[in-house]
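> give me the fold of what follows.
(4 chains)
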There are 2 protein chains.
Amino acid sequence: MTIAQRNTGKETRIQREKREVILKAALDVFSIQGLRGATLEKIAEAAGMSKPHVIYYFGSKDAIYARLLESLLEIWVSPLRDLSRDGDPMTEILTYMRRKLKMSRDMPRESKLFATEILHGAPRTKATLSGDLKTLVDEKAAIIAGWSAEGKIARLDPHHLIFSIWAMTQHYADFDVQVRSILPETGGDALFDEADAFLTSMFTRTLRPAKA
Amino acid sequence: MTIAQRNTGKETRIQREKREVILKAALDVFSIQGLRGATLEKIAEAAGMSKPHVIYYFGSKDAIYARLLESLLEIWVSPLRDLSRDGDPMTEILTYMRRKLKMSRDMPRESKLFATEILHGAPRTKATLSGDLKTLVDEKAAIIAGWSAEGKIARLDPHHLIFSIWAMTQHYADFDVQVRSILPETGGDALFDEADAFLTSMFTRTLRPAKA
DNA sequence: GTCTATAAATCGATAGAC
DNA sequence: GTCTATCGATTTATAGAC
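Numbers count the residues shown, from 1 in each chain, chains lettered A, B, ... in the order given. The predicted structure is shown next:
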């Protein structure tokens, strides 16, 4: 009997640490190979334990994948959640863009995992997308639309503005292989410094209200 | 013995049509399920023939996938190839963006196939990315840099400008499930009309040269 | 060329010893 | 809790009849 089956909600420190080692290893494998491309053997090897041991802690391969997605979702939307009606409009939006860009820099595997899930039709997350996520995006889009109406930023579709921030920041994580193949060798975080400068400039020009 | 093995280069009209039926079916399956998620059985079913028949025409599942990628690459970069030094800078770049957006609208499966390949590390295309594609992008980036230097468009990093066009146009194809989950029901091509308007506005403001 | 039947390999999950 | 050994299901690919 696996822990997953008889678990009553509590777990020891050892158990929690084991789970974290497995989740970390699984993220490495899933983010590059995808759900079907990843095998229990590769995950077990990356985690430094045997296949049955991995199953013992999570019950199934799908359960690991689902757990990863679930724990990722809240972190993933937190920058948008922090966008506040009370701040300076331009600062709020640029800060949101920068936080998303930093997440792409610091959590590329998480970004890829999420991208693969949506790319393949989001079978596990579709309900969340059209539920909680839509609610959050609509709420923040309304704030941005308000700023537009007040003339504090340019008039533009707030939903597509949010999409554009997602697209451009996540692009540097999801398609890093392509980006780095084309760009001259940029050591370390230089790529993201360049991206920050470019995106800051682009969104500043896009958002600046037309002269009255 | 399969056709793939004894093929000497020539093929009949019937054979070509069969291959195209299989490739079309394979694109449907691969683009949603990925390379490992797709099975020969699903491809055969979508193509209306038996599993061994599919193998008979292509030799292996991987060969179908590789062929799809290969035939996609040239079409995929053709809009960038057409960007001309001799045209009006703003028009050339906006036209490029629109052609990419139309490709996302009309060829979403191809976009997803390519996205998945790169996302998973581009094991089959990495050489092309850092070879032919890099050469092409560098060449077009130099044209854009020239326009910037002449003051015809704003000063900005031409490579990242090209990345931003890729990111934002392909986003509507690759992550359509997410986009459509969040946006109010927009029938048919309305989504892409909205995207066109938004991106035209965004890139116009970004590219407009600062007043002298 | 096209099929049914099946071989061969892979993989997720389980059994059971320790 | 952790392992080795292995089952059972899935899947790619082949054999061989027609």
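
> next, count neighbours for A:Leu94.
Residues lying near A:Leu94 (other C-beta atoms under 10 Å in any protein chain shown) number 17. Just so you know, the C-beta spots here come from the backbone N, C-alpha and C atoms, and that holds for glycine as well.

> could you do the one 10 residues further on as well?
Under the neighbour criterion other C-beta under 10 Å, A:Ser104 is assigned a count of 21.

> now do A:Lys112
Other residues close to A:Lys112 by other C-beta under 10 Å number 25.

> now swap in A:Tyr56 and tell me
By other C-beta under 10 Å, the residues close to A:Tyr56 number 17.

> tell me how far it lies from A:Ala47.
A:Tyr56 sits 12 Å away from A:Ala47, going by C-beta to C-beta, to the nearest Å.

> equivalent analysis for A:Thr206, please.
Per C-beta to C-beta, A:Thr206 is found 44 Å from A:Ala47.

> cool, and A:Ala197?
Distance from A:Ala197 to A:Ala47, by C-beta to C-beta: 39 Å.

> wait, isn't A:Ala25 in contact with A:Leu40?
No - applying C-beta atoms under 8 Å as the test, A:Ala25 and A:Leu40 come out as separate, 10.8 Å apart.

> ok, those two, which is more surrounded?
Higher neighbour count among A:Ala25 and A:Leu40: A:Ala25, with 20 against 17, using other C-beta under 10 Å.

> what's the angle from the host helix or strand of the more buried one to helix B:13-37?
A:Ala25 belongs to helix A:13-37 when assigned by DSSP states H and E. Here the directions of helix A:13-37 and helix B:13-37 differ by 180 degrees (axes from the mean of the first three to the mean of the last three C-alpha atoms, to 10 degrees).

> quick one: average pLDDT of helix A:13-37?
When pLDDT is averaged along helix A:13-37, the result is 97.

> buried set for it?
Buried residues in helix A:13-37, defined by neighbour count with 16 or more other C-beta atoms under 10 Å in any protein chain shown: A:18-19, A:21-23, A:25-37.

> give me the next element, helix or strand, following it.
Following helix A:13-37 in sequence, per DSSP H and E, is helix A:40-47.

> what comes up buried for the helix or strand following that next one?
Per DSSP H and E, the first helix or strand lying C-terminal to helix A:40-47 is helix A:51-58. Buried residues in helix A:51-58, defined by neighbour count with 16+ other C-beta under 10 Å: A:54-58.

> ok, A:Trp76 - contacts?
A:103, A:110, A:114 (C-beta atoms under 8 Å, 6 or more residues apart in numbering or on different chains).

> please tell me I have it right and the second one contacts A:Ala26.
Read it as A:Glu110. No - A:Glu110 is not in contact with A:Ala26 according to C-beta under 8 Å; the separation is 11.8 Å.

> now find how far off-centre the helix or strand of chain A with the lowest mean pLDDT is within its chain.
Ranked by mean pLDDT, DSSP states H and E, the helix or strand of chain A with the weakest confidence is helix A:3-6, at a mean of 76. With C-alpha atoms, centre = their mean, to the nearest Å as the basis, helix A:3-6 stands 29 Å off its chain's centre.

> that helix and DNA strand C in contact?
No - Helix A:3-6 lies out of reach of DNA strand C by C-beta under 7 Å from any atom of the strand, never closer than 8.5 Å.

> packing partners for that helix?
Packing partners of helix A:3-6 (3 or more C-beta pairs under 8 Å, 6 or more residues apart in numbering or on different chains; DSSP states H and E): helix A:51-58.

> check which helices and strands the helix or strand harbouring A:Leu94 sits against.
A:Leu94 is part of helix A:89-106, with elements assigned from DSSP H and E. Judged by 3+ C-beta pairs under 8 Å, 6+ apart, helix A:89-106 is in contact with helix A:61-81, helix A:108-119, helix A:134-149, helix A:158-174, helix A:190-207.

> flag every residue of chain A that's near DNA strand C.
Contact residues, chain A versus DNA strand C (C-beta under 7 Å from any atom of the strand): A:2, A:38-41, A:51-52, A:55, A:59-62.

> and stretch A:72-79, C-alpha only, in PDB?
Provided in PDB are the C-alpha atoms of stretch A:72-79 (Å, rounded to 0.1, in the frame of the first residue of the first chain):
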ATOM      1  CA  LEU A  72       2.400  26.000  -9.800                       C
ATOM      2  CA  LEU A  73      -0.900  27.700 -10.600                       C
ATOM      3  CA  GLU A  74      -1.100  30.000  -7.600                       C
ATOM      4  CA  ILE A  75       2.500  31.100  -7.800                       C
ATOM      5  CA  TRP A  76       2.000  31.700 -11.500                       C
ATOM      6  CA  VAL A  77      -0.800  34.200 -11.200                       C
ATOM      7  CA  SER A  78       0.400  36.000  -8.100                       C
ATOM      8  CA  PRO A  79       2.100  38.900 -10.000                       C
END
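
> pLDDT of that stretch, averaged?
The model assigns stretch A:72-79 a mean pLDDT of 96.

> next one: stretch A:87-96
98.

> outside of it itself, list whatever touches it.
By C-beta under 8 Å, 6+ apart, stretch A:87-96 touches A:79-80, A:82-84, A:144, A:147, A:152-153, A:161, A:165, A:200, A:203-204, A:207-208.

> can I get the CA coordinates of stretch A:31-43 in CSV?
Output of stretch A:31-43 as CSV, limited to C-alpha atoms (Å, rounded to 0.1, in the frame of the first residue of the first chain):
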residue,chain,number,x,y,z
SER,A,31,9.5,20.3,-18.3
ILE,A,32,11.8,19.0,-21.0
GLN,A,33,10.1,15.8,-22.1
GLY,A,34,6.5,16.4,-21.4
LEU,A,35,4.0,14.2,-19.6
ARG,A,36,4.1,11.3,-22.0
GLY,A,37,7.8,11.7,-22.9
ALA,A,38,8.8,11.5,-19.3
THR,A,39,9.2,8.0,-17.8
LEU,A,40,9.1,6.9,-14.2
GLU,A,41,12.5,5.5,-14.6
LYS,A,42,14.0,8.9,-15.6
ILE,A,43,12.2,10.6,-12.7
